[in-house]
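Q: What follows is a predicted protein model with its sequence.
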Amino acid sequence: MLISCLLVSHDKPEWCREALNSVATQSYSRWECLVMDSGVLFDAGYFSPFKNESRFKFIRSTETNEMRQTKAMAPWCYNECFRRGIVNGELVVYLCDDDLYYANAFETFVDYARANPHVAAMYASQDLAVIKADGHRAITGERRALALGGRCCKGRVLDSQVDYAQMAHKRSVLKMIKGNERQEWWPEGKDTEGHADGIFMEKIGSVAPFYPIDIKVSQNRRTPKSLNCPSCI
């Protein structure tokens, strides 16, 4: 089973290499990683050390300054990967350049999908961490995957409670989501930027349950450049 990781990169050279390494060191080997960069790091040759790993595909985003003023760029990049038809995996996961996966992440999702072929969406547990401006790092909490999620099964709320790096879904589930004539699965509006992942998960959860896997697979990190909680730094 091929797993596709969609990784968005903008301007975080301090942490992006850790995100890339967390993909490169997965215990499960059948993966592709589509890295869409705004051009800030791509044009500087930042990704050269990874060019010999054929499973990485580095893509320079076609975003413009005007688009950055009106759209949430991470969701736009994720949607672009689907719109361009370059996502090949049966399972899809997502990462941003300041978060990371643990080495067991892909194996955990694939093992669960194989054991439960009826499952179209799943989410696992996660650590919460902080990286402060002075370089101090600490684990500050956790998000546990303990209950079914999604409106279709009257499960737990996903928006603002489950993180994008906790989830995996079958690529085919996107065909079940209605109202996607514009192929905008992730919401791209600036007004949704802070919880676009939650809205996307709720869309999936309206057609397929999110099954819980209580195994930690990722680390959501708050950094000086993060959107999720800059006031915590």
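A: Structure received.

Q: and the residue most central in space within the chain, what element?
A: By CA atoms, centre = their mean, the chain has its centre lying nearest to residue 94, at 2.0 Å. Assigned by DSSP states H and E, residue 94 belongs to strand 91-96.

Q: What helices and strands are in contact with that strand?
A: strand 3-9, helix 13-24, helix 105-115, strand 167-170 (3 or more CB pairs under 8 Å, 6 or more residues apart in numbering; DSSP states H and E). Glycine gets a C-beta too; all of them are placed from N, C-alpha and C.

Q: could those be laid out in TSV, adding mean neighbour count?
A: What follows is the helices and strands packed on strand 91-96, written out as TSV (neighbours: other CB atoms under 10 Å):
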stretch	mean neighbour count
strand 3-9	25
helix 13-24	19
helix 105-115	19
strand 167-170	25
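
Q: ranking these by mean pLDDT, which is last?
A: Ranked by mean pLDDT, these bottom out at helix 13-24, with a mean of 94.

Q: hmm, who's touching that one?
A: 5, 7, 9, 31, 33, 35, 41, 46-47, 49-50, 53, 56, 95-103, 105, 131, 221, 223, 225 (CB atoms under 8 Å, 6 or more residues apart in numbering).

Q: returning to what we had before: who does the strand holding residue 94 pair up with?
A: Taking DSSP bridges as the criterion, strand 91-96 sits next to strand 3-9 (parallel), strand 167-170 (antiparallel) in its sheet.

Q: What average pLDDT does that strand get?
A: Rounded mean pLDDT across strand 91-96 is 97.

Q: Quick check: next helix or strand after it?
A: The helix or strand immediately downstream of strand 91-96 is strand 100-101, counting by DSSP H and E.

Q: Mind giving me the packing neighbours of that following strand?
A: helix 13-24, strand 210-222.

Q: Please identify the pairing partners of the helix or strand following the first one and their relative orientation?
A: Translated: helix 13-24. Proceeding N to C from helix 13-24, the next assigned helix or strand is strand 31-37, under DSSP H and E. Next to strand 31-37 in the sheet, as set by DSSP bridges, lie strand 3-9 (parallel), strand 56-60 (parallel).

Q: follow-up on the earlier one: reformat the strands paired with strand 91-96 as TSV; add distance to residue 186.
A: Output for the strands paired with strand 91-96, formatted as TSV (distance: least, CB to CB, whole Å):
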stretch	distance to residue 186
strand 3-9	10
strand 167-170	12
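
Q: Quick one: closest of these to residue 178.
A: strand 167-170 (16.1 Å; CB to CB).

Q: Below-threshold pLDDT in the chain: ranges please.
A: Where the chain drops to pLDDT under 70, the residues are 179-181, 225-233.

Q: check contacts around the residue located most distally from the centre of it.
A: Going by CA atoms, centre = their mean, the residue of the chain most distant from its centre is residue 134, 26.4 Å out. Residue 134 sits next to no residue when contact means CB under 8 Å, 6+ apart.

Q: Next, it: secondary structure please.
A: Using DSSP: H, G, I helix; E, B strand; the rest coil, the structure places residue 134 in coil.

Q: which phi and psi does it have?
A: Per-residue torsions, residue 134: phi -90, psi 0 (degrees, to the nearest 10).

Q: can you tell me how far it sits from residue 38?
A: 27 Å (CB to CB, to the nearest Å).

Q: Then residue 45?
A: 15 Å.

Q: of the two, who's got more company?
A: In this view residue 45 and residue 38 are compared by other CB atoms under 10 Å, and residue 38 has more residues nearby, 18 against 9.

Q: and the closest residue in space to the more buried one that isn't next to it in sequence, how many neighbours does it have?
A: Among residues not flanking residue 38 along the chain, residue 10 sits closest, at 4.7 Å (CB to CB, 6 or more residues apart in numbering). Residue 10: 21 surrounding residues under other CB under 10 Å.
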